[in-house]
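# here is a sequence with its predicted model. Questions after.
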Amino acid sequence: MINTGGGKMGKMLFSTSEFGWRLIALAATMFFMLGMGALPLGIDLPDDLRDTLERRLRVFYFMAPVLACAVLAVNLLRPNPSSEILFLYSVAFAAIPVALFPVRARLFRAYVAQHQNPDARVELDRLALFWIVGSLTTVIVVATIALMAAKYGT
């Protein structure tokens, strides 16, 4: 069996203190909130859609932290070490804006098309779909490998 040093990486990853992981989770939540709020910046939208989007963002800014706290509270009540949960939470929250930002113009183009013709079926173009699915899949695989290296690495 070949030792790739994955155990060292995993041990370093989870050698961060509980308080450190809570700070990382807080930073990931803030990055998520700022990143999602920045998606429409610089995108030319009709005024009625911009108003609708701004109202939805206000609801988002209120509800997202409440839901994030609920998810964290439920998962942190488990007897397992919380560093792994906080790691997955942080990775997921940071990955979403990173996956959406490069294709945001395409997303909003589909959003405007759906708004202008609500009866027509509007689909996201293949490049945007490929980017979002590919980047999130990569994040899932890398996070899984990091967790496995921490738990099962030698």
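Thanks, I have it.

# which stretches of this protein have low pLDDT?
For the chain, applying pLDDT under 70 flags the ranges 1-12, 153-154.

# please verify my assumption that I132 contacts L100.
Yes: the pair I132 / L100 is scored as a contact, 6.7 Å apart, by Cβ atoms under 8 Å. Any C-beta I mention is one placed from the backbone N, CA and C, and that applies to glycine too.

# buried residues, stretch 108-117. List them.
Using 16 or more other Cβ atoms under 10 Å as the test for burial, stretch 108-117 gives 108-112.

# in this structure, which spans are strands?
In the chain, no segments count as strands under DSSP state E.

# for it, which helix is longest?
helix 47-76 (DSSP state H).

# so which elements touch it?
Applying 3 or more Cβ pairs under 8 Å, 6 or more residues apart in numbering; DSSP states H and E, we find helix 47-76 packed against helix 18-38, helix 82-100, helix 104-116.

# wait, which of these is closest to Y152?
helix 82-100 (12.8 Å; Cβ to Cβ).

# quick check: angle from that closest one to helix 47-76?
160 degrees (axes from the mean of the first three to the mean of the last three Cα atoms, to 10 degrees).

# still on that earlier bit, of the helices and strands packed on helix 47-76, which is nearest Y61?
Nearest of the helices and strands packed on helix 47-76 (Cβ to Cβ): helix 18-38, 6.6 Å.

# now the helices and strands packed on helix 47-76 as JSON lines including distance to V74?
Formatted as JSON lines, those follow (distance: least, Cβ to Cβ, whole Å):
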{"stretch": "helix 18-38", "distance to V74": "14"}
{"stretch": "helix 82-100", "distance to V74": "10"}
{"stretch": "helix 104-116", "distance to V74": "30"}
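
# looking at those helices, which is buried most?
helix 82-100 (a mean of 19; mean count of other Cβ atoms under 10 Å).

# many thanks, we can stop here.
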